[in-house]
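> here is the input, now give the coordinates:
(one chain, ligands or ions: 2)
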Amino acid sequence: MRKKTVCLIFGGKSTEYEVSLQSVTGVLNNIDRNRYDIITIGVTREGRFYLYDGPREKIEDGTWCTSGNITPVFFDPSNPDAPFAIVTGGDVKQLQIDCIFPVMHGKNCEDGTLQGMFSLAGVPYVGCGCTASAICMDKATAKNILSTHGIPQAKYLCFTADEIDRRADTLYEVVEENFSYPVFVKPSAAGSSVGVTKVKSRADLPAALRCASIHDRKVLIEEFIDGREIEIAVLHEPDGTIIASECGEIDPGSEFYDYAAKYINDTAKYYVPARIEKSTQKKIAAIAKKVFVTLGCRGFARVDFFVRGHGDGEEVIFNEINTIPGFTSISMYPRLMEYSGVPYSELITWLIEGAGT
Ligand SMILES: Nc1ncnc2c1ncn2[C@@H]1O[C@H](COP(=O)(O)OP(=O)(O)OP(=O)(O)O)[C@@H](O)[C@H]1O
Ligand SMILES: [Mg+2]
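Ligands and ions are numbered 1, 2, ... in the order given. You can find the predicted model right below:
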């Protein structure tokens, strides 16, 4: 069998740049090297693309871009077999690749922008296509679609940043007509809880709205769900069947699962499987698969829920979907799949073999 060349892209002009470095380290450590040759392209925080040919430790510790092992790389949309090229010694060298695996998260990475570029070139890539990526990144759009398909979710309102600029101090009227405090305020398209605030009183609302609007031109206000945070991994099997994993549970160990709880403090606790009823697990798996199909996803996605209540009274509420979920070896997605019988390296193989244009 001819070895395929897989191009892993990492980093990115996104608030989740650091997460990507850890995610791609997980892939580099677990990809089946008997099947795949690998080239790595790093994207700096400023959005510069480089071919990186140094040790993987320098990706993990963040020094890859100052290591001297980088060469500027250019994108050629008219060449599906070699969409990237470098210039060496005055000559253009095209990089032959069979598949791209973007192992990066958030804006400019997971939101359809890169995916559109790969589709334009006609090169196969792992994960959702351009449209599904864009829809899933924009929480307001995903919610609007899912609300017409009967997916249970928190009550929400959406404001544009322009409206917030004009009337942040009076929007409490609309908010208080629809919700009681606390409410959650969040950018429609961001990630890692950046710009997310739990607002407990009218006085805190304008600052929260302005903060969220820094990160996106659309801002969501949501009913507070007093529940447990449950995540589930969805995957296309090689034959096209869509499977869902067991559920995992996150206890953030803080007021909510904010940036510090995710990446800085050691307060969060993770439970695989989640401490929920078997019937609730089944219900979540069915809803997650429906969300995946409804939003047109391909490859993989992690779907996040709240479960409110206990025992027979457990109620399932969709929160959001992530089309390139955190992928470090201790991240929820690979852990859930591993627990459900798909080891990390097989998971990577399935994703690569399921790549599409
Ligand atoms: N309506 C809500 N009720 C209760 N808690 C919420 C609500 N919305 C968000 N949260 C809390 O805020 C956290 C972050 O919100 P959310 O998952 O919507 O965005 P995000 O995590 O920034 O996006 P991503 O997972 O794509 O990085 C959630 O994990 C949860 O702890
Ligand atoms: Mg989230």
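> up against ligand 1, what does the stretch 151-300 of the chain have?
Counting by CB under 6 Å from any ligand atom, the stretch 151-300 of the chain comes close to ligand 1 at 154, 184, 186, 190-193, 196, 222-225, 229, 252, 256-257. (C-beta placed from N, C-alpha, C; glycine too.)
> cutoff 8 Å now
Proximity of the stretch 151-300 of the chain to ligand 1 is confined to 154, 156, 183-184, 186-187, 190-196, 198, 222-227, 229, 250, 252, 256-258, 261-262 under the rule CB under 8 Å from any ligand atom.
> quick one: the helices in the stretch 101-250 of the chain?
Counting by DSSP state H, counting those that start in this stretch, the stretch 101-250 of the chain has helices at residues 113-121, 130-137, 139-147, 161-167, 172-178, 205-215.
> so which of these gets nearest Ser78?
Between Ser78 and these, the shortest gap by CB to CB is with helix 113-121, which sits at 7.3 Å.
> who touches the closest one?
Helix 113-121 is contacted from outside by 9, 75-80, 83, 100, 102, 104, 108, 125, 127-130, 133, 357, using CB atoms under 8 Å, 6 or more residues apart in numbering.
> rerun that using 6 Å as the cut-off
Defining contact as CB atoms under 6 Å, 6 or more residues apart in numbering, one finds that helix 113-121 is touched by 77, 80, 83, 100, 102, 125, 129-130, 133.
> hmm, back to that, may I see the PyMOL selection of the buried members of the residues of the stretch 151-300 of the chain next to ligand 1?
Buried residues within these, by 16 or more other CB atoms under 10 Å, are selected in PyMOL with:
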select buried, resi 154+156+183+184+186+187+190+191+192+193+194+195+196+198+222+223+224+225+227+229+250+252+257+258+261+262
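> on that earlier part again, highest mean neighbour count out of the helices of the stretch 101-250 of the chain?
helix 130-137 (a mean of 22; mean count of other CB atoms under 10 Å).
> longest helix anywhere in this protein?
Secondary structure of the chain per DSSP state H: the longest helix is helix 278-294.
> mind jotting down where the strands sit in the stretch 1-150 of the chain?
Secondary structure of the stretch 1-150 of the chain by DSSP state E, counting those that start in this stretch: the strands cover 4-11, 36-43, 49-52, 70-75, 84-88, 91-95, 99-102.
> quick one: the strands in the stretch 151-300 of the chain?
Taking DSSP E, counting those that start in this stretch to define them, one finds strands in the stretch 151-300 of the chain at 156-160, 183-187, 197-199, 218-223, 228-236, 242-251, 269-271, 300-308.
> burial count for Lys283?
By the criterion of other CB atoms under 10 Å, Lys283 has 18 neighbours.
> what does the stretch 1-150 of the chain have sitting close to ligand 1?
16, 105-106, 137, 139.
> from those residues, pick the one nearest Ser245.
For those, the nearest to Ser245 is His105 (19.2 Å; CB to CB).
> quick check: which ranges of the stretch 101-250 of the chain have low pLDDT?
Low-confidence segments of the stretch 101-250 of the chain (pLDDT under 70): none present.
> again, only using 90
In the predicted model of the stretch 101-250 of the chain, residues 168-170, 190-192, 194, 238 satisfy pLDDT under 90.
> so what's Ile97 up against?
Neighbour list for Ile97: 5, 7 [criterion: CB under 6 Å, 6+ apart].
> same thing with Arg45?
Contacts of Arg45 by CB under 6 Å, 6+ apart are Tyr17.
> at 8 Å what do you get?
By CB under 8 Å, 6+ apart, the contact set of Arg45 is 11-13, 17.
> how about the contacts made by the residue nearest to Pro252 when sequence neighbours are not counted?
Distance criterion CB to CB, 6 or more residues apart in numbering; nearest residue to Pro252, sequence neighbours excluded, is Ala261 at 4.3 Å. Taking CB under 8 Å, 6+ apart, we find Ala261 in contact with 193, 252-254, 267-268.
> change it to 6 Å
So, once contact is read as CB under 6 Å, 6+ apart, Ala261 ends up touching 252, 254, 267-268.
> one more: Phe327?
Phe327 makes contact with 23, 26, 103, according to CB under 6 Å, 6+ apart.
> so where does it fall, helix or strand?
Counting by DSSP states H and E, no helix or strand carries Phe327.
> okay, it: pLDDT?
Predicted confidence (pLDDT) at Phe327: the value is 95.
> show the pLDDT at the closest residue to it other than its chain neighbours.
Computed as CB to CB, 6+ apart, the closest residue to Phe327 that is not its neighbour in sequence is Ser23, at 3.8 Å. We have a pLDDT of 96 for Ser23.
> renumber starting at 9 from here on
Understood, numbering begins at 9; the last thing we discussed is Ser31.
> Ser31 reaches Met112, doesn't it?
No: Ser31 is beyond contact range of Met112, at 7.5 Å (criterion: CB atoms under 6 Å).
> in the stretch 109-258 of the chain, which residue sits closest to ligand 1?
Residue nearest to ligand 1 within the stretch 109-258 of the chain: Gly199 (3.4 Å; CB to the nearest ligand atom).
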